[in-house]
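*Asks:* Sequence first, predicted coordinates after that:
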Amino acid sequence: MRKFLKFVHDDNVYYKYYEVVYILFHTGMRISEFCGLTLRDIDLENKVINIDHQLQRTSDMRLVIESTKTNAGTRKLPMTDEVAQCFRVIIEDREAPEYERVVDGYAGFLFTDKSGYPEVAMHWEHRFNHMVKRYNDIYRVQIPNITPHVCRHTYCSNMAKSGMNPKTLQYLMGHSDIGVTLNTYTHLGLEDATDELKRMEELENARKELEKNKEEKPVSQKMFRAI
């Protein structure tokens, strides 16, 4: 993730998509949810992303707004300072289209094509493919295929590794079944287990140190004699 983000950030062709890549890696949004975001859904003051719909393109090439994949998919995501800054850049750089297209009552999409229609998942999937190909054309050590869905899965795995409560992660991911969230935890290996045990050991040692300090009586002034 870090290598790919740095590459996109520094690349003279794809740098303009850095903020999107960063957001997808650090929010876990589905790409259809991201494509459906409008200016009204981004609350920079309170650092909250409102997700209550998604943008899809049908087989007959019609753009439609659909409800989130599940009831749990409707959620409000808190933003880190870095994610908020990325959205700020996107909004500041956004050029209002000549014709503001409305899709099922929604307008003000973050990214639009030359005709003013909002971009869909396919646009970003193609861009990711091109970015990965460019990276692998430049560097000898290849990176595997990275897609918007890989960004979502990476976010979920990173949060699981950090020790986030599974129910909290379920909410952030918009999973209706916690079993889907817990499956991410089963992907963790020996290294992750070792790190977690070390973390728990450090917490236990800190707890014992606190208890030890509580048991030690504070030094009283009566213990000292004036000379």
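*Replies:* Perfect, I can see it now.

*Asks:* Leaving out chain neighbours, which residue sits closest to the residue nearest the centre of the chain?
*Replies:* Computing the C-alpha centroid of the chain and ranking residues by Cα atoms, centre = their mean puts residue 27 first, at 1.7 Å. With sequence-adjacent residues excluded and distances taken as Cβ to Cβ, 6 or more residues apart in numbering, residue 27 is closest to residue 77, at 5.8 Å. Every C-beta, even on glycine, is put in place using the N, C-alpha and C of the backbone.

*Asks:* Show me the helices in the chain, by range?
*Replies:* With DSSP state H as the definition, the chain shows helices at residue ranges 2-10, 18-27, 31-36, 81-93, 121-138, 148-161, 166-173, 178-185, 190-215.

*Asks:* how about these, which one is nearest residue 68?
*Replies:* Ranking those by their distance to residue 68 (criterion: Cβ to Cβ) puts helix 31-36 first, at 6.9 Å.

*Asks:* For that closest one, the averaged confidence score.
*Replies:* Across helix 31-36, the average pLDDT comes to 97.

*Asks:* For that helix, name the packing helices and strands.
*Replies:* helix 18-27, strand 54-57, helix 121-138, helix 148-161 (3 or more Cβ pairs under 8 Å, 6 or more residues apart in numbering; DSSP states H and E).

*Asks:* Buried residues in the third one, which are they?
*Replies:* Spelled out, it's helix 121-138. Buried residues in helix 121-138, counted by 16 or more other Cβ atoms under 10 Å: 121, 124, 127-128, 131-132, 135.

*Asks:* pLDDT weak spots in the chain?
*Replies:* For the chain, the stretches with pLDDT under 70 are 185-196, 214-227.

*Asks:* same thing but 90
*Replies:* 68-73, 95-100, 114-115, 157, 160-166, 175-227 (pLDDT under 90).

*Asks:* ok, what's across the strand from residue 43?
*Replies:* residue 48 (DSSP bridges).

*Asks:* Just to check, it is in contact with residue 51?
*Replies:* No - in this structure, residue 43 is not within contact of residue 51 by Cβ atoms under 8 Å, at 11.8 Å.

*Asks:* Between the two, which has more neighbouring residues?
*Replies:* For residue 43 versus residue 51, neighbours defined as other Cβ atoms under 10 Å are more numerous around residue 51 (21 against 14).

*Asks:* What residues does that one make contact with?
*Replies:* 29, 33, 37, 41, 68, 73-77, 174 (Cβ atoms under 8 Å, 6 or more residues apart in numbering).

*Asks:* Disregarding flanking residues, what is the spatial nearest neighbour of residue 64?
*Replies:* Nearest one to residue 64, counting by Cβ to Cβ, 6+ apart, is residue 56 at 5.5 Å.

*Asks:* What of residue 120?
*Replies:* Closest to residue 120 by Cβ to Cβ, 6+ apart is residue 57, at 4.6 Å.

*Asks:* ok, that neighbour - how many residues close by?
*Replies:* 18.

*Asks:* show me what contacts residue 72?
*Replies:* 170-171, 174-176.

*Asks:* Just the buried residues from those, in PyMOL please.
*Replies:* In PyMOL syntax, the buried subset of the contacts of residue 72 is picked out as below (16+ other Cβ under 10 Å):
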select buried, resi 170+171+174+175
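
*Asks:* what two of the contacts of residue 72 are the furthest from one another?
*Replies:* Pairwise over these, using Cβ to Cβ, the maximum falls at 171 and 176, 10.7 Å.
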